[in-house]
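K.L.:
can you look at this prediction? I've put the sequence above it.
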Amino acid sequence: MAAPLTFAIPKGRILDEALPVMARAGLVPEEAFHDKGNRSLTFGTTRDDLRIIRVRAFDVATFVAHGAAQAGIVGSDVIEEFDYSDLYAPVDLDIGHCRLSLAAPANVTERQAGASHMRVATKYPNLTRRWFESKGVQAECVKLNGAMEIAPALGLARQIVDLVSTGRTLIENGLEERETIMQVSARLIVNRAALKTDPRVGEIVESFRAVAAEAEPA
Ligand SMILES: Nc1ncnc2c1ncn2[C@@H]1O[C@H](COP(=O)(O)OP(=O)(O)OP(=O)(O)O)[C@@H](O)[C@H]1O
Ligand SMILES: O=P(O)(O)OC[C@H]1O[C@H](OP(=O)(O)OP(=O)(O)O)[C@H](O)[C@@H]1O
């Protein structure tokens, strides 16, 4: 039998929405996957030839881009941040909706915010730099891994670039959303080489395409 395929999924908030989509595409994890006390990172599925790994969102893209996993699910924010040439994102799963936005404290004026050189705290330094460059502004990015919203109050950076959904986190930390950089949703991703060489990867793409098409309003 061919080596098992590895399907990577993020361990956090996308998971609850991803599992029903995966089930409709025929990917159902073994019972142990749902046991909160289980520390394993690899799980079997109802398919003998497919296992699931549960890793951090940014690492999903890295595992798939390097071919260590052949497919996975990740937010378009992460895909754009890395911009890996070996990664192909053929299906928008219409889950994990949020947006990536520039935000600043209410007392930071547009002029201060729009200075020709600025410091921005973000988990997305590449995306942020590219977006500012497209506006002719040089941005110095301070990379954080979470809780960006406290950076302005502590003087680490005047502005932040972070994900926004309800907007509550910004408001509760005294920040205002200034501009939307991109709309985000979760995608099926596959390794390009694996897609060319292993027909099972193409079949996975087709299964998810069918699920996404079913979900579209008529
Ligand atoms: N507030 C939000 N509302 C909706 N989707 C969000 C929100 N925040 C993040 N997301 C999406 O969820 C993804 C994070 O997924 P998830 O939380 O499952 O990963 P994680 O591995 O736990 O992340 P981390 O690396 O932060 O621990 C983001 O990349 C984005 O696409
Ligand atoms: O607009 P809201 O609905 O308030 O959501 C936005 C928050 O959600 C995400 O954080 P998450 O909860 O995933 O935690 P994190 O800071 O560890 O990434 C994001 O980074 C924001 O902080």
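P.N.:
All right, it came through fine. Because the structure is predicted, anything quoted here is derived from the model rather than measured. Ligands and ions are numbered 1, 2, ... in the order given.

K.L.:
name the surrounding residues that touch stretch 138-155.
P.N.:
With Cβ atoms under 8 Å, 6 or more residues apart in numbering as the contact definition, stretch 138-155 has outside contacts at 103-105, 108, 116-123, 125, 128-129, 132-133, 156-162, 169-170, 173-175. Glycine gets a C-beta too; all of them are placed from N, C-alpha and C.

K.L.:
which ChimeraX command selects the buried ones in these?
P.N.:
Provided next is the ChimeraX selection string for whichever of the contacts of stretch 138-155 are buried by 16 or more other Cβ atoms under 10 Å:
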select :103,104,105,108,118,120,121,122,123,125,128,129,132,157,158,159,160,161,162,169,170,173,175
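
K.L.:
show me what the nearest residue to V161 once chain neighbours are set aside bridges to in the sheet.
P.N.:
Leaving aside its sequence neighbours, V161 sits nearest to T122 (Cβ to Cβ, 6 or more residues apart in numbering; 4.0 Å). Per DSSP bridges, the residues bridged to T122 are K143, V161.

K.L.:
next up, the contacts around the closest residue to M1 other than its chain neighbours.
P.N.:
Ranked by Cβ to Cβ, 6+ apart and with sequence neighbours excluded, the top spatial neighbour of M1 is D49, at 6.7 Å. Listed by Cβ under 8 Å, 6+ apart, the contact partners of D49 are 1-2, 4-5, 200.

K.L.:
around ligand 1, pick out the residues from the protein.
P.N.:
Contact residues (Cβ under 6 Å from any ligand atom) of the chain with ligand 1: 10-15, 56-58, 75, 77-78, 96, 98, 146, 163, 165, 184, 186.

K.L.:
among those residues, name the ones in strands.
P.N.:
Cross-referencing those against strands under DSSP state E gives 10, 75, 98, 163, 184, 186.
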